[in-house]
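Undergrad: how would this look folded up:
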Amino acid sequence: MTILFLRFFFIFLSTIVGYYVGSLLGGFSVLWGYTGAGTGFVGAILIIMLEIGMRRFSIRNLSAAVFGLIFGFFMAWIITSVLRLIPMSLELFASFQIILILVFCYLGMIIAMRGKDEFNLIIPYVKFVRQDKKDDIILLDTSVIIDGRIADILQTRFIEGRLVIPRFVLKELQQIADSQDVLKRNRGRRGLDILNKIQKSTEFDVRIQEEDFPEIKEVDAKLVKLAKLLGAKIFTNDFNLNKIAELQGISVLNINELANALRPVVLPGESMEVRITKEGKEYNQGVAYLDDGTMVVVDNSKQMIGQTVKVVVTSVLQTSAGRMIFARLEDQPRGTWKGK
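TA: You can find the predicted model right below:
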């Protein structure tokens, strides 16, 4: 709404200025004034159309081009200053000056745009700070937003830093929320709800990063490149993204690794209470689950499904899918247990 108001105001001012300029050029003739007003109105419309068409233009490319233009002009000025020492006609010197400015400005813009990632000209969240003070930037991945546990983790204040949500992550989240698949649509909407909850909280510093990389198609690749440019960490639970980021020297906060680290340590011989929920794969086995989702296989407990029983841990098995605990009933003799 504010941008629309500014556009109308710009058109209005351009028309007034055009009328005034036209009147001055035409000796305050009414016809020249109306002509100038019409020219100002049309010119304002064309400029607004140009502005709308430049919405997809990268700010990073624009900043690099401006830097290259200034640098090229500066180099051309230095060389033309040297040429002044060489005796030549004024026409020849002016010709050299125009050619050098044109060539160096072009080369400066092209070289700066190609190497824009080597120097971050306009990168949000980069500022001059004390060397002993570091402001951590954490990029949120789509998967960790959909997961939902991030809101509770942030609430505990174990993670400090500025949360940055790239615009391309929001776009991917919106596409999931608009999916024809019911499951995907529900997951996407849950992610948007979680994100809305985080943004509304005054306890978290959340920013939207507008920078995009049109030449890169995959969201994960964009996220890795943005993390390298900002010197940020990536908050995710995507296994593949985790490995790719670590290979490129980017710090990763994996929510699944955090959950595994917080699981209670259980040693053989310890007792616990569990609720048998279903039948196990082996003969007469029952299966229970701890609060963190760890599976507990209890021997000779098939008939106790739905009951809470006391068990003794016999062994702990770590698998690629997680951790499994084997146990026996507390009142069961040790020699009768057949678990592996």
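Undergrad: what comes up buried for the lowest-mean-pLDDT helix or strand in the chain?
TA: Of all helical and strand segments in the chain, the minimum by mean pLDDT, DSSP states H and E falls on helix 255-261, at a mean of 72. Along helix 255-261, these residues count as buried under the neighbour rule (16 or more other Cβ atoms under 10 Å): Ile255, Asn256. Bear in mind the C-beta positions are built from the backbone N, C-alpha and C, glycine included.
Undergrad: And the contacts of it?
TA: Here helix 255-261 makes contact (Cβ atoms under 8 Å, 6 or more residues apart in numbering) with Val144, Asp147, Arg149, Ile150, Ile153, Phe235, Thr236, Asn237, Phe239, Asp292, Gly322, Arg323.
Undergrad: where along the stretch 1-150 of the chain do the helices fall?
TA: For the stretch 1-150 of the chain, the helices defined by DSSP state H, counting those that start in this stretch occupy 2-25, 30-53, 59-83, 90-114, 142-147, 149-155.
Undergrad: Point out the most buried one among these.
TA: Ranked by mean neighbour count, the helices of the stretch 1-150 of the chain are led by helix 142-147 with a mean of 23 (mean count of other Cβ atoms under 10 Å).
Undergrad: gap between it and the chain center?
TA: Helix 142-147 has its C-alpha centroid displaced from the chain centroid by 12 Å (Cα atoms, centre = their mean, to the nearest Å).
Undergrad: Output stretch 272-291 as CSV, nothing but the C-alphas.
TA: Below are the C-alpha coordinates for stretch 272-291, written out as CSV (Å, rounded to 0.1, in the frame of the first residue of the first chain):
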residue,chain,number,x,y,z
MET,A,272,12.5,-48.8,34.5
GLU,A,273,8.8,-48.7,34.1
VAL,A,274,7.4,-49.1,30.6
ARG,A,275,4.0,-49.6,29.0
ILE,A,276,3.7,-52.5,26.6
THR,A,277,1.9,-51.2,23.5
LYS,A,278,2.2,-54.0,20.9
GLU,A,279,3.5,-57.4,20.0
GLY,A,280,7.1,-57.9,19.1
LYS,A,281,8.5,-59.7,16.1
GLU,A,282,10.0,-62.6,18.0
TYR,A,283,8.0,-65.2,20.0
ASN,A,284,6.2,-63.8,23.1
GLN,A,285,7.9,-60.4,22.9
GLY,A,286,6.2,-57.1,23.7
VAL,A,287,7.3,-53.7,22.6
ALA,A,288,7.2,-50.4,24.6
TYR,A,289,8.4,-46.9,23.8
LEU,A,290,10.2,-44.3,26.0
ASP,A,291,9.1,-40.7,25.9
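Undergrad: oh, and call the first residue 623 from now on, that's how I've got it
TA: Yes, from this point I'll number from 623; that puts the last item at stretch 894-913.
Undergrad: and that stretch, what's its mean pLDDT?
TA: Regarding stretch 894-913, the rounded mean pLDDT is 86.
Undergrad: buried sites along it?
TA: For stretch 894-913, burial by neighbour count (16+ other Cβ under 10 Å) applies to Met894, Val896, Ile898, Gly902, Gln907, Gly908, Val909, Ala910.
Undergrad: Just give the closest residue to the fourth one, not the sequence neighbours.
TA: Translated: Gly902. Val909 (4.9 Å; Cβ to Cβ, 6 or more residues apart in numbering).
Undergrad: hang on, the one you found packs against Thr916?
TA: No. Counting by Cβ atoms under 8 Å, Val909 does not reach Thr916; the two are 11.1 Å apart.
Undergrad: Who are the packing partners of whichever strand or helix holds the residue nearest to Gly902?
TA: Val909 is part of strand 908-911, with elements assigned from DSSP states H and E. Other elements packing on strand 908-911 under the criterion 3 or more Cβ pairs under 8 Å, 6 or more residues apart in numbering; DSSP states H and E are strand 893-901, strand 917-921.
Undergrad: Give me the helices and strands touching the first one, please.
TA: Counting contacts by 3+ Cβ pairs under 8 Å, 6+ apart, strand 893-901 is packed against strand 908-911, strand 917-921, strand 930-941.
Undergrad: got it, and the shortest one?
TA: Counting contacts by 3+ Cβ pairs under 8 Å, 6+ apart, strand 917-921 packs against strand 893-901, strand 908-911, strand 930-941, strand 944-951.
Undergrad: Output the helices of the stretch 623-772 of the chain in CSV; the columns should cover mean pLDDT and distance to Ile927.
TA: CSV is the format used below for these (pLDDT from 0 to 100; distance: least, Cβ to Cβ, whole Å):
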stretch, mean pLDDT, distance to Ile927
helix 624-647, 84, 63
helix 652-675, 86, 65
helix 681-705, 83, 60
helix 712-736, 82, 67
helix 764-769, 84, 31
helix 771-777, 78, 29
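Undergrad: so which of those helices gets nearest Ile787?
TA: Nearest of those to Ile787, taken as Cβ to Cβ: helix 764-769 at 7.8 Å.
Undergrad: Using PDB, list the CA coordinates for the closest one.
TA: What follows is helix 764-769, C-alpha atoms only, in PDB (Å, rounded to 0.1, in the frame of the first residue of the first chain):
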ATOM      1  CA  THR A 764      12.500 -25.700   5.200                       C
ATOM      2  CA  SER A 765      12.700 -29.100   6.800                       C
ATOM      3  CA  VAL A 766      13.400 -27.800  10.300                       C
ATOM      4  CA  ILE A 767      10.600 -25.300  10.100                       C
ATOM      5  CA  ILE A 768       8.100 -28.000   9.100                       C
ATOM      6  CA  ASP A 769       9.500 -30.300  11.800                       C
END
